[in-house]
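Novice: Quick one: sequence plus predicted model below, questions after.
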Amino acid sequence: MSALHPDLTGRVAFVTGASRGIGKAIALRLAQHGADIVIAAKSEQSSELLPGSIHDAAREVEALGRRALAVKTDVRFEEQVQAAVEAAIARFGRIDILINNAGAIWTRPVLETPPKKFDLMMAVNVRASYLTAYFALPHMQLQRWGHILNMCPPLHTDPTPGRGPYMVSKLGMARIALAIAEEHRADNIAANTLWPRTIIESQASINWKMADRSQWRTPEIMCDAVCAIFSQEPARFSGHMLIDEQALESLAGVTNFDRYWCEGKPPARPIYIDKW
């Protein structure tokens, strides 16, 4: 076992928003390392705008020789989150890893953010990360092992003009993770956060027209960073707010990140979103 190749045999990973994009890529990577996967997302059918579904992702996990459970889950709703966790326990008997990857994005100034958009981001981002942890943590406590990973930027006080409402919801996810880290350190349960340094190729970056592919990295950098985090014993690595490059350098000794660029080489003017 190495930092980029953790042995997750017998572990169960619950991944929200895993029907496509970064969430799906991470789910498949964890399956490659032996984990069974709970795919908790909304899409039951693929579409042109949102290609991929929970059932497609489940089939890909099973093709890797692991078990998969596809659970239609709208993380805005408490009863659906609770039902998804209960379904995971009924099927697998445990949840070892929780990844709060599902997200709602609206990068606009305050006066261009309707209340419904603000409420959506608060529900899908910060509230959902609380809900999934609320229902999954008791099971992790019983087995005295668990990793929770919230996909959000590190806390900071820099101004974020044009993204203020969005950042309220994402930085709230970091506060949830930090609280869990201290509240459950004695239970051998870790809570950390992870965020990319640059834009990652995903349906969100495509639909939102975030620069172009020459400015993007592949989801593999996030997959490698996740593996580096989950290779650590929970009690010994908790309460960290990480950027993908930082996680790879400090935990896996990776210092050259050129291979992760979508077009195989760094752009002349990279776009960094460390404190997005």
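Specialist: That came through, no problem. Residues are numbered from 1 along each chain as shown.
Novice: which helices and strands sit right next to the longest helix seen in the chain?
Specialist: Looking across the chain with DSSP state H, the single longest helix is helix 164-183. When contacts are defined as 3 or more C-beta pairs under 8 Å, 6 or more residues apart in numbering; DSSP states H and E, helix 164-183 packs onto helix 115-121, helix 128-143, strand 146-151, strand 189-195, strand 241-243. To be clear about C-beta, it is placed using only N, CA and C from the backbone, and glycine gets the same treatment.
Novice: List the contacts of stretch 157-173.
Specialist: 100, 103-110, 113, 117-118, 121-122, 124-126, 129, 150-153, 155-156, 193, 275-276 (C-beta atoms under 8 Å, 6 or more residues apart in numbering).
Novice: Of the helices and strands packed on helix 164-183, which is nearest residue 61?
Specialist: strand 146-151 (18.2 Å; C-beta to C-beta).
Novice: Give me the neighbour count for the nearest residue to residue 249 once chain neighbours are set aside.
Specialist: In space, residue 249 comes closest to residue 255 once its chain neighbours are excluded; the distance is 5.8 Å by C-beta to C-beta, 6 or more residues apart in numbering. For residue 255, the count of nearby residues is 8 (other C-beta atoms under 10 Å).
Novice: From what I see, residue 255 and residue 246 are in contact.
Specialist: No. The criterion here is C-beta atoms under 8 Å, and residue 255 misses it with residue 246 at 11.3 Å.
Novice: pLDDT value on the residue nearest the centre of the chain, please?
Specialist: Taking C-alpha atoms, centre = their mean, the centroid of the chain lies closest to residue 101, which sits 3.1 Å from it. With respect to pLDDT, residue 101 has a value of 98.
Novice: how near is it to residue 19?
Specialist: Residue 101 sits 10 Å away from residue 19, going by C-beta to C-beta, to the nearest Å.
Novice: what does residue 248 give?
Specialist: On the measure of C-beta to C-beta, residue 248 and residue 19 end up 26 Å apart.
Novice: Have a look at those two and say which one is more surrounded.
Specialist: A side-by-side neighbour count of residue 248 and residue 19, using other C-beta under 10 Å, places residue 19 first with 29 against 25.
Novice: Can I get the worst-scoring helix or strand of the chain on mean pLDDT as PDB, trimmed to CA atoms?
Specialist: Using mean pLDDT, DSSP states H and E, helix 203-207 stands out as the lowest-scoring helix or strand of the chain, at a mean of 87. In PDB, the C-alpha atoms belonging to helix 203-207 read as follows (Å, rounded to 0.1, in the frame of the first residue of the first chain):
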ATOM      1  CA  GLN A 203     -19.900  19.100 -16.300                       C
ATOM      2  CA  ALA A 204     -20.000  22.200 -14.100                       C
ATOM      3  CA  SER A 205     -16.900  23.700 -15.800                       C
ATOM      4  CA  ILE A 206     -18.400  22.900 -19.200                       C
ATOM      5  CA  ASN A 207     -21.900  24.200 -18.500                       C
END
